[in-house]
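Student: structure, please.
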Amino acid sequence: MSPHPSVGRRSFKIPESVLVVVHTPALDVLLIRRADVRQGEFWQSVTGSKDGVDEALAHTAAREVGEETGIDARAPGCLLSDWRIENVYEIYPRWRHRYAPGVTHNREHVFGLRVPEGAAVRLNPREHDAFVWLPWRAAADRCFSPTNAEACLLLPRLAGVVP
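Tutor: Numbering: from 1, shown residues only. Prediction:
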């Protein structure tokens, strides 16, 4: 079986994804700006869909972090955590063409990735054109997605830190 659902020769995205809140021990959050959104500022954490239906979510999270930021989630000093939060949301109409006909909703799994202070970021310019490190509350305010903003607000509790 193909790793991606498809119709004919066209492959479609799997409607199951990860959201990874990349943060420092001081709770500064990495946000990246989407390059394909021309109207307004679309800041977000790392996101991405599974490459195959059997791909483990932690693998998806680590792969997407590497692809989008150049950060190795398994490097010394990094800690990838499954926050065991799932969000189901309607896929924005502008991106539905990426999914099989009739798919309207996505299931998002939330992870956190603690990285050392000063972690180097190398963006994939096809996906993102800018990045910023912000304190967790400011990051929540800047996020386009409500589920992303909520994840940023949960960071202190889920990281075991009292702000």
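Student: and the strand or helix carrying residue 17, what other elements does it pack with?
Tutor: Element membership for residue 17 (DSSP states H and E) is strand 16-23. When contacts are defined as 3 or more CB pairs under 8 Å, 6 or more residues apart in numbering; DSSP states H and E, strand 16-23 packs onto strand 28-34, strand 46-49, helix 57-69, strand 105-114, helix 146-158. For glycine as for every other residue, the C-beta is placed from the backbone atoms N, C-alpha and C.
Student: buried residues in the strand ranked longest in the chain?
Tutor: Counting residues, the longest strand found in the chain (DSSP state E) is strand 79-90. Across strand 79-90, burial judged by 16 or more other CB atoms under 10 Å covers 80-81, 83, 85, 87.
Student: so where's the protein uncertain?
Tutor: 1-10, 38-40, 161-163 (pLDDT under 70).
Student: tell me the centre residue of it?
Tutor: residue 47 (2.2 Å; CA atoms, centre = their mean).
Student: contacting residues for residue 108?
Tutor: Residue 108 sits next to 17-19, 47, 86-89, 147 when contact means CB atoms under 8 Å, 6 or more residues apart in numbering.
Student: distance to residue 114 added to these, as a markdown table?
Tutor: Below are the contacts of residue 108 laid out as a markdown table (distance: CB to CB, whole Å):
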| residue | distance to residue 114 |
| --- | --- |
| 17 | 21 |
| 18 | 16 |
| 19 | 15 |
| 47 | 18 |
| 86 | 21 |
| 87 | 21 |
| 88 | 26 |
| 89 | 25 |
| 147 | 20 |
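Student: and the longest strand of the chain, which strands flank it?
Tutor: Its sheet considered, strand 79-90 pairs with strand 105-114 (antiparallel) by DSSP bridges.
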